[in-house]
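Novice: Quick check, what structure comes out for this input:
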Amino acid sequence: MSFLGIMVRRRLARAGYLVTRVEPEFPPSLVSVLQALKARTKPDLCALGFDNDVGIQSELLRVFPAAQVSFWSPILRLDNAVVDSRSGLPPVPSGRFMVVVDMDAFPLELLHEKMPWLKEAEVWLLGARLGSFWAGELDLCRLAARIQAFGFRLAEVLRAVGTASLQAPVDSVRVVCERDDGIRSPMSPGSRYRVNEALTWLSHPMVQRRDFQTLAGRGSFGYAAGVFNPGAIRGRDQTYLLAKADRTPWVLQKTDESLFFASAQPLLLGLNADHDIVNADPLVVEGLPGPGRAEDFRLFRYRDQLFTNHAVISHPQPRPVTHRPLRLELMQTRIGLSRLDLPAKRLAWCGWPAIHRPLAQTEKNWVFFTDGDQLLLLYSFSPYVLLCAQNWPGLDFKTVLETRLDLPFDGDGLTLRNSVNPVDYDDDHWLHIVHKVYPGKQYSFWAVLISKQTLQPVRVSARPLVRGWHSASASIIYTCAVIVDGAEVSLYAGLDDSATAAATISRERLDAEWIVLAAREAQPA
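Specialist: Numbering: from 1, shown residues only. Down below sits the predicted model:
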């Protein structure tokens with residue numbers, strides 16, 4: 001729990017209130033899961049254990065009669081899968097059975113090679129050390145695909161996956177894999193959350209630390225608080241990044257709202273083919289409604305002009321007050337459009353896009369892209385709400401498509417949000433990136449292909465494209481822009497709200513991870 005949460009709870013306690021909450025990520029006990037499994041199958045279900053952990057063996061014997069539990073420790077050789085004659089192999093069970101495996105001690109592939117009948121089990125209970133996943137020896141996304149080929153699905157996770165415990169490298173996580181009979185009812189409250197969280201954090205992201213290159217950070221070009229969160233677009237002979245440069249550290253901005261509004265500066269960076277910064281120019285901003293602060297720039301071309309959609313944080317009063325603490329909850333955040341004049345190094349305010357939907361106090365994550373002569377605005381990804389500009393250069397947008405998507409990593413209560421302006425991927429698709437925010441501002445990003453024919457997502461990546469901390473040495477990674485150039489895909493991101501970084505991966509690596517979304521009839525507006 002955060003420090004603020006602890007203080008709030010203490011104050012409420014002194015006032016006589018008791019605060020409780022149900023944590024969806026709190027896993028059920030192994031005994032309760034075993035009891036539920038036994039109740040849902042038949043009393044004669046037996047357990048076949050390939051796990052030497054005494055605690056697991058004891059839990060099994062609390063639920064199953066001793067006659068229905070057997071433990072085996074075959075010695076499997078990696079060269080030719082020789083089985084030690086002293087231990088032998090278990091006989092093929094005659095009735096219903098479940099399998100318990102410690103994947104660190106008994107590799108699943110070797111067990112299946114010598115005992116292919118294991119896939120006839122009702123349930124698999126698979127365990128491993130968290131350190132094995134983090135070291136790259138195991139990958140839950142790959143494991144999920146493997147068991148799906150056997151007719152199973154991940155149904156439950158018996159440990160809340162976290163990153164704070166000092167014992168995490170040797171601590172264990174156990175996943176329950178049920179036979180996929182088409183019934184998708186959760187095993188227990190929160191199981192969808194736990195499964196999706198585990199698939200996110202125990203699967204290797206496509207972008208690794210070796211792929212990221214830091215371009216700018218704190219102190220770069222004289223900006224003490226950093227240069228970060230850029231939009232990006234390819235020019236004739238270089239790549240342009242439009243980033244937020246911050247003059248004043250955030251800890252000081254919070255103490256003085258006038259510093260907050262004076263700190264941000266749009267900074268245009270030019271990159272060569274090696275991602276070296278060859279020029280950096282602060283932009284003149286014209287016409288921005290004030291008092292306001294522009295940030296989170298995303299670049300796109302439309303009708304031979306260069307534009308940026310960006311957030312504008314507006315003060316409710318005519319001017320900010322010096323030395324008054326900043327209260328972001330009183331500010332309004334909306335999405336605006338500006339035109340970027342490269343020769344003049346100028347941002348000219350265009351206005352507020354009108355979408356004729358109720359707007360919240362804070363509106364972010366709208367993204368823009370073009371389809372021929374049409375300018376499209378993707379308001380939200382889940383639900384999928386797409387609008388189209390009417391009577392340009394007027395900024396009136398009309399809803400053209402609204403539907404809900406069946407996504408493999410959705411449904412856990414966390415909001416899926418737009419991350420980048422979609423870009424051309426091939427003749428038939430745009431490439432888009434979406435993200436979730438986990439507790440502690442841990443972001444995870446997935447790639448999406450949007451059909452140019454139906455204007456709907458048709459493929460998503462099976463594993464995260466970028467994942468907080470694992471993809472770069474930063475606790476906060478925010479992917480802001482993507483550029484597809486031939487056989488390469490380049491990503492641009494903010495690190496720790498202070499630095500700008502770039503990563504390039506092969507298109508082949510991305511194409512290996514696509515899974516097809518089930519077709520769903522859209523609801524045209």
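Novice: for Leu326, what are its contacts?
Specialist: Contacts for Leu326 (Cβ atoms under 8 Å, 6 or more residues apart in numbering) come out as 253-257, 260. C-beta: built from backbone N, CA, C; applies to glycine.
Novice: What's the separation between it and Val251?
Specialist: Look at Leu326 and Val251: by Cβ to Cβ, to the nearest Å, they are 11 Å apart.
Novice: Among the contacts of Leu326, pick out the one closest to Ala311, please.
Specialist: Nearest to Ala311, judged by Cβ to Cβ, of those is Phe260 at 13.7 Å.
Novice: Mind listing what's buried along stretch 395-406?
Specialist: Neighbour-count burial for stretch 395-406 flags 395, 397, 399-402, 405 (criterion: 16 or more other Cβ atoms under 10 Å).
Novice: Show me the contact partners of that stretch.
Specialist: The contact list for stretch 395-406, computed with Cβ under 8 Å, 6+ apart, reads 337, 350-357, 377, 381-390, 455-457, 517-518, 520-525.
Novice: So Glu178 is in contact with Phe150, correct?
Specialist: No - using Cβ atoms under 8 Å, Glu178 is not in contact with Phe150, being 11.5 Å away.
Novice: The two - which one has more neighbours?
Specialist: Using other Cβ atoms under 10 Å, the more surrounded residue of Glu178 and Phe150 is Glu178, with 21 against 16.
Novice: Give the ChimeraX command for selecting the buried subset of the contacts of stretch 395-406.
Specialist: For the buried members of the contacts of stretch 395-406, the matching ChimeraX selection, counting by 16+ other Cβ under 10 Å, is:
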select :337,350,353,355,377,381,382,384,385,386,387,388,389,455,456,457,517,522
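Novice: out of the contacts of stretch 395-406, which are inside strands?
Specialist: 337, 350-351, 377, 384-390, 457 (DSSP state E).
Novice: and of these, the nearest to His429?
Specialist: Nearest to His429 among the ones in strands among the contacts of stretch 395-406 is Pro457, at 9.5 Å by Cβ to Cβ.
Novice: Could you list which residues are in contact with the closest one?
Specialist: Applying Cβ under 8 Å, 6+ apart, we find Pro457 in contact with 384, 405, 432, 448-451, 517.
Novice: Would you mind giving those as CSV with distance to Thr362 added?
Specialist: Conversion of the contacts of Pro457 to CSV gives the following (distance: Cβ to Cβ, whole Å):
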residue, distance to Thr362
Tyr384, 21
Leu405, 23
His432, 22
Val448, 24
Leu449, 29
Ile450, 25
Ser451, 31
Leu517, 29
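Novice: re earlier: looking at the contacts of Leu326, which one is closest to Ile477?
Specialist: Gln253 (21.7 Å).
Novice: Ala232 versus Ala503, what's the distance?
Specialist: Distance, Ala503 to Ala232, using Cβ to Cβ: 12 Å.
Novice: now swap in Cys141 and tell me
Specialist: Applying Cβ to Cβ to Cys141 and Ala232 gives a distance of 28 Å.
Novice: quick one on the thing from earlier: between which two of the ones in strands among the contacts of stretch 395-406 is the distance greatest?
Specialist: It's Gly351 and Pro457 that sit farthest apart of these, by Cβ to Cβ, at 29.0 Å.
Novice: If we ignore the residues flanking it in sequence, what's nearest Ala144?
Specialist: Excluding the flanking residues, the one nearest Ala144 by Cβ to Cβ, 6 or more residues apart in numbering is Leu154, at 5.4 Å.
Novice: now do Leu359
Specialist: Arg334 (7.1 Å).
Novice: Pull out the CA atoms of the helix or strand containing the one you found and give them to me as PDB.
Specialist: Using DSSP states H and E, Arg334 sits within strand 332-341. Coordinates of each C-alpha in strand 332-341 appear next as PDB, following Å, rounded to 0.1, in the frame of the first residue of the first chain:
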ATOM      1  CA  GLN A 332      -9.000  20.300 -17.000                       C
ATOM      2  CA  THR A 333      -7.100  18.100 -19.500                       C
ATOM      3  CA  ARG A 334      -8.300  18.000 -23.100                       C
ATOM      4  CA  ILE A 335      -7.000  17.000 -26.500                       C
ATOM      5  CA  GLY A 336      -6.100  19.700 -28.900                       C
ATOM      6  CA  LEU A 337      -4.700  20.000 -32.400                       C
ATOM      7  CA  SER A 338      -1.800  22.100 -33.600                       C
ATOM      8  CA  ARG A 339       0.000  22.500 -36.900                       C
ATOM      9  CA  LEU A 340       3.700  22.000 -37.000                       C
ATOM     10  CA  ASP A 341       5.700  24.400 -39.200                       C
END
